[in-house]
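Asks: give the three-dimensional model of this entry:
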Amino acid sequence: MLYRSKAPLRLGLAGGGTDVSPYCDLYGGAILNATISLYARAHLEMLDRPVIELVAADRGEREEHPLQAELPLNGKLDLLKGVYNRVQKDSPFPLQGFRLTTHVDAPAGSGLGTSSTLVVAIIGVFAEMLKLPMGEYDIARYAYDIERIDLGLAGGRQDQYAATFGGVNYMEFYDHNKVIVNPLRIKPQYLDELENNLVLYYTDTTRASADIITEQQRNVTERKSASVEAMHQLKEQSKMMKEALLQGRLHEIGEILDFGFRQKRLMAANISNDRIEQIYASALAAGALGGKISGAGGGGFMMFYCPGTTRYAVSAALTAFGGEVRPFAFSPAGLTFYREGTK
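Replies: Below you'll find the model as predicted:
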């Protein structure tokens, strides 16, 4: 028997970083994001042999273990192991050989929520195999607990909920891990225009987001006014973005993104750097009205709002920095899982 799942990666359009504790616990956070046609996929195949095979096909990594209820964490394929360990602990199932194969359409550390989305996808195949009675909020919270608590990985809350729910969502984050997902009913023509005008650019660099996030958390804990005020402004940016999209005021998107880019720099060091600043300035000179660094910052993907036909001039200007412009489409569906032959 073969079980499959896929979950979409996301673009954080506004409010990035306000979903991270302790900011959201103290002040409440708000983020607007949209899922796109890049995915994390998981495949769970039952084997006749008494082994557990773990394969990250996109990274060329593989491990094999004898059947056991808890796999050792060693820094390699720990996301796969972490989900298995938690599911086996909470919903014990008979030990039987299986092969868990994963693939993500973007590199780890690139700012599109790859790690959290992968965890959601892996939960999906186990949920299908075991017929676990889990709704969207359950799966997203489960993924958060595995990644942030069991594995001790620093980060926020938006990625797990975006991957599970899918679509364009305005999300609110509060203390005691309370999350409210508000799906936005944006007119198709507005989404088509936004999709046409956004250029997604991979800088051909990745970064360790944990270091940036840890500094961001420390700045809030120590009440550093510039950093905290920047997060307040980013929360306000998410409201501005929501209203602009719902009302079709797309001509304001570039300015809203630029406002966020300037605020995000103040949250922590290393969010931006000389190369990112050069890329950003070059895109604006070629016709973009604004843009942002995806995820925690420091590298990975960037996106730019390019009205009219300026996307072509902006894309050409970005070639000078290496990297790659990546085509995408908005994806309305969140996590899906099924058994082979039953979709």
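
Asks: now do the strands in the chain.
Replies: In the chain, the strands defined using DSSP state E lie at 2-14, 29-46, 51-56, 61-66, 98-104, 168-173, 179-183, 198-202, 290-293, 301-305, 324-325, 336-339.

Asks: got the ones you listed as JSON lines, with mean pLDDT columns?
Replies: Formatted as JSON lines, the strands of the chain follow (pLDDT from 0 to 100):
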{"stretch": "strand 2-14", "mean pLDDT": "97"}
{"stretch": "strand 29-46", "mean pLDDT": "98"}
{"stretch": "strand 51-56", "mean pLDDT": "98"}
{"stretch": "strand 61-66", "mean pLDDT": "97"}
{"stretch": "strand 98-104", "mean pLDDT": "98"}
{"stretch": "strand 168-173", "mean pLDDT": "98"}
{"stretch": "strand 179-183", "mean pLDDT": "98"}
{"stretch": "strand 198-202", "mean pLDDT": "97"}
{"stretch": "strand 290-293", "mean pLDDT": "95"}
{"stretch": "strand 301-305", "mean pLDDT": "96"}
{"stretch": "strand 324-325", "mean pLDDT": "95"}
{"stretch": "strand 336-339", "mean pLDDT": "96"}
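
Asks: and those strands as a markdown table, adding distance to Arg262?
Replies: Quick note: C-beta positions are derived from backbone N, CA and C, even for glycine. Shown next, in a markdown table, are these (distance: least, CB to CB, whole Å):
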| stretch | distance to Arg262 |
| --- | --- |
| strand 2-14 | 13 |
| strand 29-46 | 18 |
| strand 51-56 | 37 |
| strand 61-66 | 39 |
| strand 98-104 | 31 |
| strand 168-173 | 22 |
| strand 179-183 | 26 |
| strand 198-202 | 19 |
| strand 290-293 | 9 |
| strand 301-305 | 14 |
| strand 324-325 | 24 |
| strand 336-339 | 38 |
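
Asks: which among the ones you listed is found nearest to Asp211?
Replies: Among the strands of the chain, strand 290-293 comes nearest to Asp211, with 14.9 Å by CB to CB.

Asks: return the distance of the spatially closest residue to Glu193 that is not a sequence neighbour relative to Leu191.
Replies: The shortest distance from Glu193 to any non-neighbouring residue, by CB to CB, 6 or more residues apart in numbering, is to Leu250 (5.4 Å). Leu250 sits 10 Å away from Leu191, going by CB to CB, to the nearest Å.

Asks: likewise for Met267?
Replies: Met267 is 28 Å from Leu191, by CB to CB.

Asks: got the domain boundaries for this protein?
Replies: 2-185, 188-325 (automatic domain parsing).

Asks: return whichever helix in the chain runs longest as PDB; C-alpha atoms alone will do.
Replies: Scanning the chain for the longest helix, with DSSP state H as the assignment, gives helix 225-246. What follows is helix 225-246, C-alpha atoms only, in PDB (Å, rounded to 0.1, in the frame of the first residue of the first chain):
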ATOM      1  CA  SER A 225      12.100  49.800  21.200                       C
ATOM      2  CA  ALA A 226      13.300  50.000  17.600                       C
ATOM      3  CA  SER A 227      12.700  46.300  17.000                       C
ATOM      4  CA  VAL A 228       9.400  46.100  18.800                       C
ATOM      5  CA  GLU A 229       8.100  49.200  17.100                       C
ATOM      6  CA  ALA A 230       9.100  47.700  13.700                       C
ATOM      7  CA  MET A 231       7.000  44.600  14.500                       C
ATOM      8  CA  HIS A 232       4.100  46.800  15.500                       C
ATOM      9  CA  GLN A 233       4.400  48.500  12.100                       C
ATOM     10  CA  LEU A 234       4.600  45.100  10.300                       C
ATOM     11  CA  LYS A 235       1.400  44.000  12.100                       C
ATOM     12  CA  GLU A 236      -0.200  47.200  10.700                       C
ATOM     13  CA  GLN A 237       1.100  46.300   7.300                       C
ATOM     14  CA  SER A 238      -0.800  43.100   7.300                       C
ATOM     15  CA  LYS A 239      -4.000  45.000   7.800                       C
ATOM     16  CA  MET A 240      -3.100  47.400   5.000                       C
ATOM     17  CA  MET A 241      -2.400  44.500   2.700                       C
ATOM     18  CA  LYS A 242      -5.700  42.800   3.600                       C
ATOM     19  CA  GLU A 243      -7.700  45.900   2.800                       C
ATOM     20  CA  ALA A 244      -5.900  46.600  -0.500                       C
ATOM     21  CA  LEU A 245      -6.400  43.000  -1.800                       C
ATOM     22  CA  LEU A 246     -10.000  42.800  -0.800                       C
END
